[in-house]
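> Fold the stuff below for me.
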Amino acid sequence: MSLVHFHYDPFTEFERLFDDAFSARFRPTSDVSRAVESGSRVGTFRPKMDLIELEDNKVMAVFDLPGMQPENVTIDVQQNRLTISGEMSAEKDITEKDYAVRERTQGKFSRILQLPVGTEPNDVKANMENGVLKVTFPKFGKAQASQRIGIT
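Predicted structure coming up:
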């Protein structure tokens, strides 16, 4: 059992899944319903992710990004948040009218993970192979020195 707590709100994920499932029926002007009506999957999406605790006091986040190249993915660390973002674009030489069926996801994506307090950007390492992005970071941030505050 791990004593490390990652900020993960299962209700947010449930709400997103619920919205995705019912938005085409109840909100006809949404991006999801437009994509369903047109038969395409263009818009925004969240890549699938696994979060794995490693034995060397590190955590590895694994993202499925099929067909993506590393130069099309951005990884930012700011205020103890890890942001993975990018865009999957359509093939340039195929026009919309050429598609008989279009099921592959396209569009912008973004995932944000809360990092342990004190995690430095240099502590985050990433590699990508065959459309699988692996981002490793420490399970615990660096301890911050305490400082006595005088009362005036």
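
> I would like the residues contacting the helix or strand containing residue 128, please.
If you go by DSSP states H and E, residue 128 is part of strand 125-129. Here strand 125-129 makes contact (Cβ atoms under 8 Å, 6 or more residues apart in numbering) with 65, 68, 70, 73, 75, 133-137. Placement of C-beta: from N, CA and C, glycine included.

> Quick one: buried ones out of the residues you listed?
Buried subset of those (neighbour count, 16 or more other Cβ atoms under 10 Å): 65, 68, 73, 75, 133, 135-137.

> Can you redo those residues as a markdown table, where the extra columns are pLDDT and secondary structure?
Rendered in a markdown table, the data for those read as follows (pLDDT from 0 to 100; DSSP: H, G, I helix; E, B strand; the rest coil):
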| residue | pLDDT | secondary structure |
| --- | --- | --- |
| 65 | 92 | coil |
| 68 | 88 | coil |
| 73 | 94 | strand |
| 75 | 95 | strand |
| 133 | 96 | strand |
| 135 | 96 | strand |
| 136 | 95 | strand |
| 137 | 93 | strand |
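
> Out of these, the closest to residue 114 would be?
Set against residue 114, the nearest of those by Cβ to Cβ is residue 137 (10.8 Å).

> least trustworthy helix or strand in this protein by mean pLDDT?
Ranked by mean pLDDT, DSSP states H and E, the weakest helix or strand in the chain is helix 31-38, scoring a mean of 42.

> so where is this protein shaky, pLDDT-wise?
Flagging of the chain using pLDDT under 70 yields the residue ranges 1-14, 16-43, 143-146, 152.
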